[in-house]
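Trainee: below are the sequence and a predicted model for it; my questions follow.
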Amino acid sequence: MNNLEVHIKSVNEKLQQLLKKHVALKKENDNLKEELNNFKEKEVEYKYALHELDQKVSILKASSGEMSEKDQKEFEKRINQYIKEIDKCIGLLSD
């Protein structure tokens, strides 16, 4: 019986170690998930800021008269999209 008790005790200790390791890994996984979510939120913020800066650069180019033909067409296309959106809003408000 002594040998069996030693073996059971050994298995029990290994099981306890595995449980501790599992808890530690779960905690680390939760921390990494939270960190990933934070990075995703920052990515969205950075993309929005980049979009705003691109618009400002485009406006500055248009106001300075230093636009290439491609940039000018792109700017006119964007202005036309804004006008269409404004027309839709006016149409919705009129109903």
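Mentor: Thanks, I have the structure now.

Trainee: quick one: low-confidence parts of the chain?
Mentor: 1 (pLDDT under 70).

Trainee: switch the cut-off to 90
Mentor: Within the chain, the segments meeting pLDDT under 90 span 1-5, 54-79, 92-95.

Trainee: how is it partitioned into domains?
Mentor: Domains of the chain are assigned by automatic domain parsing as 2-64, 68-95.

Trainee: quick one, phi/psi of Gly65?
Mentor: phi 80, psi 20 (degrees, to the nearest 10).

Trainee: any idea how far Gln72 is from it?
Mentor: 10 Å (CB to CB, to the nearest Å). Using the backbone N, CA and C atoms, a C-beta is placed for each residue, glycine as well.

Trainee: the two: which has the busier surroundings?
Mentor: Gln72 (14 against 7; other CB atoms under 10 Å).

Trainee: nearest residue to the more buried one other than its sequence neighbours?
Mentor: Distances taken as CB to CB, 6 or more residues apart in numbering place Ala62 nearest to Gln72, at 7.7 Å, with adjacent residues excluded.

Trainee: would you mind naming the helix or strand containing that neighbour?
Mentor: Assigned by DSSP states H and E, Ala62 belongs to helix 2-64.

Trainee: please report how far the residue nearest to the spatial centre of the chain lies from Ser58.
Mentor: Geometric centre of the chain, nearest residue: Lys40, 2.5 Å, by CA atoms, centre = their mean. Distance of Lys40 to Ser58, computed by CB to CB: 27 Å.

Trainee: swap in Asn38?
Mentor: If you go by CB to CB, the gap between Asn38 and Ser58 works out to 31 Å.

Trainee: of the two, who's got more company?
Mentor: Between Asn38 and Ser58, counted using other CB under 10 Å, the more crowded position is Ser58 (16 against 10).

Trainee: quick one: secondary structure of Glu66?
Mentor: Following DSSP: H, G, I helix; E, B strand; the rest coil, the label given to Glu66 is coil.

Trainee: got the contact list for it?
Mentor: Taking CB atoms under 8 Å, 6 or more residues apart in numbering, we find Glu66 in contact with no residue.

Trainee: redo that, cut-off 10 Å
Mentor: With contact set as CB atoms under 10 Å, 6 or more residues apart in numbering, Glu66 has these partners: Leu60.
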